[in-house]
Structures are given as C-alpha cells and as structure tokens.
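> Sequence and computational prediction follow.
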Amino acid sequence: MTTLRHFLDLDRFDIATLRTILDLGAAYKRGETPHGSARPLAGKVLAMIFEKPSTRTRVSFEVGMRQLGGDVIVLGRNDTQLGRGETIADTARVLGRYVDALMIRTDDPAKLDELSRHAGVPVINGLTDASHPCQVMADLMTFEEHRGPLAGKLVAWTGDGNNVAATFIQAAALFGFRLNLACPPELPPSRAALDWARARGAKITVGSDPWSAVAGADLVVTDTWVSMGCADDWRPAVLEPFRVDRALMGRAAPDALFMHCLPAHRGEEVTDEVMDGPQSVVWDEAENRLHVQKGILTWCLAERTE
C-alpha cells in the first residue's frame, strides 16, 4: 500500500523529515540532483487551486515543478465548480483521478484537510488563514544560509499574530529557536499554536512591546498589516507602533537579519531603509520559495514509500 505524503502543517512533522526537505531544497539550489536525475518528476502533474491570489506561490511552484520535469495546471477561483456548489470532497475525488498532486491556497484550513482526506494524492498547503508552512520553510532555509543553525537563536516577530506567525510558533518547537512575539492585543497569535508549541518545550514570549521583543534578536520578521480579504480599517492604527524602522532594527543584534514574506507595503510595516538595507534578506527569502518547494515536491512525489 502506498503511503501518501501530504505537506499540510509543520506540527504534523518531526524535525528529521523537515530537515530532509530543507536539505533537498538546498541541494537543488546548489545545482545538485539528489534523486539521481535532473527531472525526477517527469510525467507528473501538479494541479494548483487558487482561491486567493498569489505571485510568489504560483510562480515558484510552477517554475519548480517544470524544472523538476513535471507539468502544472492552474485553477483559479472561476475555473472550478467549487464556487458553484460542488463540495471540496467531490472536487478532490475527481482531481485525484487526473493529477499526481494538489496544491491549494485558500482561506479555511478545513478545506485543506478535506482535500487531503479525499484526493488520494499528495496535497500541499500553499497558504490558509491559519498557517503558511511553505513560506516559513523558506525563511528557515534563508536564515541557515546566512547564519547557520537556528537552534538557540532568538527570532522576533512584530505585528499581526497571523498565519505566518502561527507557523513560526510551530517551527520554534521543532527547530529549537527562541521566539519573541510582539502583537497588538487586538491581533494576538494563535492560542492553539502556542499551546502545541509550549507543550513541546518551546521557549516563546508573547507581548505587545516590539522594542522588548526585538532586543538582541538574531532575526526580525514582520508581515503586511492588511491580509488578503481583510478590510478592517482599524488595523493600521493599532499596528503602527509595530513598524520595523532603523531604530527598531537597532535594538536587535548587530548582525541580525530582517525578513518579510512579501508583498510589502513600504512605509507601513517596514521602512525603505530597512527593506533595502544591509540586514535585509527578503530577496533571498523570496528566491528560496522556489528551492524549498522543489524539496517539498520531490519529498511528496519522488520519495513516496510503499
């Protein structure tokens, strides 16, 4: 019996598996062929379902799949019957007869879970409102490229306690780094993610003071103030104190890195002097979406076990 390898959320993996995926991504970036072939996914087809728009997720997965020898089908909001009443389960059962893997970028994580239960092929989480594991895997890869292992390092998150923050919380427990979260009370981080991580010994501090959170940090991370599909007019007012500018970065360690998953709203959550400054690795971070997703794709498809 074939065991399906889904990539849904970091909290469903052990560190050894995540390390395998990161190592695969790093090998592809170096131009190596870890599966003995430059095209290990020849003849495979990935269907990508986008219920939310995307630049980096779409392009990195499409380019990555093609570089690995496979093909891609892109399904937008108006390209399927999901918007006309067909259930996720029925859509999954059909698509699983046509393609070798599915990637979905959606709102409700329940859709992701239902897709994985019924598709019969590997399912990859391209983003939900609850998590963004592909992004955080690229962030981890980027930090290690520049500064080495994450274990024992201090990561500071400032801003909305959103889906990316939730996945950083999971990663803290798995990779052994300390995490300081500074979020406004109106936008706290996921309680479920915090409970899961702390039960596994993660060293996580939650507060609302970015100056305290960033002090001595090895990595400072932020995200946009207004997420896709969110029209809360009050957000900029409560998030303004969490803007990452030169003064706030000055509180971090002298060799601290700055990350942002993009797209950035310059002048809001981050200033130009930080975004374009010497501590910023946002472009390496964006590039590494391609490489780490090639690691995910080959782990899901080229290394399927009996």
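Yep, it's here. The structure presented is a predicted model; accordingly, all values stated were derived computationally and were not measured.

> hang on, Val292 is in a strand, isn't it?
No. Per DSSP: H, G, I helix; E, B strand; the rest coil, Val292 lies outside any strand segment and is helix.

> Kindly state the pLDDT recorded for it?
Listed pLDDT for Val292 reads 98.

> And for it, nearest residue in space, chain neighbours not counted?
Excluding its sequence neighbours, the residue lying closest to Val292 (CB to CB, 6 or more residues apart in numbering) is Gly25, at 3.9 Å. (Glycine included, C-beta is placed from N, CA and C.)

> Tell me how many other residues surround that neighbour.
For Gly25, the count of nearby residues is 28 (other CB atoms under 10 Å).

> Was I right to think it contacts Met141?
Yes. Here Gly25 reaches Met141: they are 5.8 Å apart, a contact under CB atoms under 8 Å.

> quick one: common contacting residues for these two?
Residues touching both Gly25 and Met141 (CB atoms under 8 Å, 6 or more residues apart in numbering) are Asn288, His291, Val292.

> I'd like to check which residues are in contact with the first one.
By CB under 8 Å, 6+ apart, the residues touching Asn288 are Gly25, Lys29, Ala138, Asp139, Met141, Thr142, Glu145.

> quick check, the first one in a helix?
Translated: Gly25. Yes. Counting by three-state DSSP, Gly25 is found in a helix.

> burial count for Gly161?
Gly161: 25 neighbours (other CB under 10 Å).

> and if you look at the one 3 residues further on?
Around Val164 sit 26 other residues, with neighbours defined as other CB under 10 Å.

> Helix or strand next in line after the helix or strand where it lies, which one?
Applying DSSP states H and E as the criterion places Val164 in helix 163-175. Remark: after helix 163-175, the chain's next helix or strand is strand 178-182, criterion DSSP H and E.

> Can I get the helix or strand just after that following strand in PDB, CA atoms only?
Of the helices and strands lying after strand 178-182 in sequence (DSSP H and E), the nearest is helix 191-199. Extracted C-alpha coordinates of helix 191-199, given in PDB (Å, rounded to 0.1, in the frame of the first residue of the first chain):
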ATOM      1  CA  ARG A 191      -3.600  30.100  21.000                       C
ATOM      2  CA  ALA A 192      -3.800  26.600  19.500                       C
ATOM      3  CA  ALA A 193      -0.300  27.000  18.000                       C
ATOM      4  CA  LEU A 194       1.100  28.400  21.300                       C
ATOM      5  CA  ASP A 195      -0.400  25.600  23.400                       C
ATOM      6  CA  TRP A 196       1.000  23.000  21.000                       C
ATOM      7  CA  ALA A 197       4.500  24.500  20.900                       C
ATOM      8  CA  ARG A 198       4.800  25.200  24.600                       C
ATOM      9  CA  ALA A 199       3.700  21.600  25.400                       C
END
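
> as a whole number, average confidence for helix 191-199?
98.

> ok, now stretch 238-248?
98.

> swap in stretch 118-134?
Computed over stretch 118-134, the average pLDDT equals 98.

> With stretch 56-74 instead?
Mean pLDDT, computed over stretch 56-74, is 98.

> What are the buried residues along it?
56-58, 60-62, 64-65, 67-68, 70-72 (16 or more other CB atoms under 10 Å).

> Just the residues you listed: which are in helices?
Arg56, Thr57, Arg58, Ser60, Phe61, Glu62, Gly64, Met65, Gln67 (DSSP state H).

> how near is the fourth one to Leu75?
Look at Ser60 and Leu75: by CB to CB, to the nearest Å, they are 17 Å apart.

> Okay, now the unreliable bits of the chain?
1-2, 83-84, 228-231, 303-306 (pLDDT under 70).

> OK, contacts around the residue nearest the centre of it?
The centre of the chain sits closest to Gln135, judged by CA atoms, centre = their mean, with a distance of 2.2 Å. Each residue near Gln135 by CB under 8 Å, 6+ apart is listed here: Leu127, Val164, Thr167, Cys261, Arg289.

> run the last query once more with 10 Å
56-57, 126-127, 163-164, 167-168, 223, 259, 261-262, 285-286, 288-289, 292 (CB atoms under 10 Å, 6 or more residues apart in numbering).
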